[in-house]
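A.B. asks: Fold the following.
(one chain, ligands or ions: 2)
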Amino acid sequence: MRPFSVLFDLNDLKSFVGRHIVRRYCDVKNIFLKRDPNLERQNPIIYEVFEVPVSEREGELIFLITVVHPGTVQGEYFMTKGHSHVIEDTAEVYYGLGGKGLILCQTKSGDFETVPIEKNKAVYIPPFWAHRSVNISDEPLVFFAVYPANAGHDYVTVEESGFQKRVFRQNDGFVLV
Ligand code: M6P
Ligand code: ZN
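C.D. replies: Ligands and ions are numbered 1, 2, ... in the order given. Have a look, this model is predicted:
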């Protein structure tokens, strides 16, 4: 590979050249506690990823921008599916660019942690911690992420055991249930 740069124009992410992953309500509705017939009809984008295509070879780094849109499913804040890494001994770094969120983190042995993310705040997700991003604000939660290119995404573990807590809107804030 040769050195290169990419443009992440937050005001015009449509201009991004790379891999664009879009997850709509119907793609991810199973992760939420309840169903919402209105969302079923509208099928809005819950979150999207703008990923720079890099070989998944050990030694490389994958980097991307994620946008989790604002909203709730019957009060439960929009969030990502969440995953652990196939190669579990790999970490990840997030850097907040806009909005406010919570990163839910948990280990297979039952340890659980929520880490706040917002503009200018970096989050470190150590090896062996599964992670899910929740938008707790009324604007898009936008963050940059980088992780070892060979880490891989394991969605099955999270699908089977879920995360220990869910995040709901309550009055002017949020509550973990
Ligand atoms: C973050 C990173 C990505 C991940 C994305 C969406 O930006 O952790 O690797 O793909 O969130 O989350 P998920 O893959 O769990 O749907
Ligand atoms: Zn990850």
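A.B. asks: CA only for contacts and neighbour counts going forward, please
C.D. replies: Will do.
A.B. asks: Close to ligand 1: what parts of this structure are there?
C.D. replies: Contact residues (C-alpha under 6 Å from any ligand atom) of the chain with ligand 1: 66, 80, 81, 82, 83, 132, 145.
A.B. asks: Name the nearest of the residues you listed relative to ligand 1.
C.D. replies: Nearest to ligand 1 among the residues of the chain next to ligand 1: residue 82, at 3.3 Å, using C-alpha to the nearest ligand atom.
A.B. asks: list the contacts for the closest one?
C.D. replies: For residue 82, the contact set (C-alpha atoms under 8 Å, 6 or more residues apart in numbering) comprises 130, 131, 132, 133, 155, 158.
A.B. asks: that older thread, in a markdown table, list the residues of the chain next to ligand 1 along with secondary structure, distance to residue 114 and pLDDT.
C.D. replies: As requested, the residues of the chain next to ligand 1 are arranged in a markdown table below (DSSP: H, G, I helix; E, B strand; the rest coil; distance: C-alpha to C-alpha, whole Å; pLDDT from 0 to 100):
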| residue | secondary structure | distance to residue 114 | pLDDT |
| --- | --- | --- | --- |
| 66 | strand | 18 | 98 |
| 80 | coil | 14 | 98 |
| 81 | coil | 16 | 98 |
| 82 | coil | 13 | 98 |
| 83 | strand | 15 | 98 |
| 132 | strand | 10 | 98 |
| 145 | strand | 17 | 98 |
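A.B. asks: Low-confidence bits of the chain, can you list those?
C.D. replies: Within the chain, no stretch has pLDDT under 70.
A.B. asks: can you pull out the helices in it?
C.D. replies: Taking DSSP state H as the test, the helices found in the chain are 25-28, 37-42, 156-161.
A.B. asks: Show me the contact partners of the last one.
C.D. replies: What that stands for is helix 156-161. The contact list for helix 156-161, computed with C-alpha under 8 Å, 6+ apart, reads 31, 82, 83, 84, 130.
A.B. asks: Which of the residues in that helix are classified as buried?
C.D. replies: By neighbour count on 16 or more other C-alpha atoms under 10 Å, the buried set for helix 156-161 is 157, 158.
A.B. asks: still on that earlier bit, just put the helices of the chain in a markdown table and tack on distance to residue 62.
C.D. replies: What follows is these, written out as a markdown table (distance: least, C-alpha to C-alpha, whole Å):
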| stretch | distance to residue 62 |
| --- | --- |
| helix 25-28 | 23 |
| helix 37-42 | 32 |
| helix 156-161 | 21 |
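A.B. asks: Brilliant, that's me finished.
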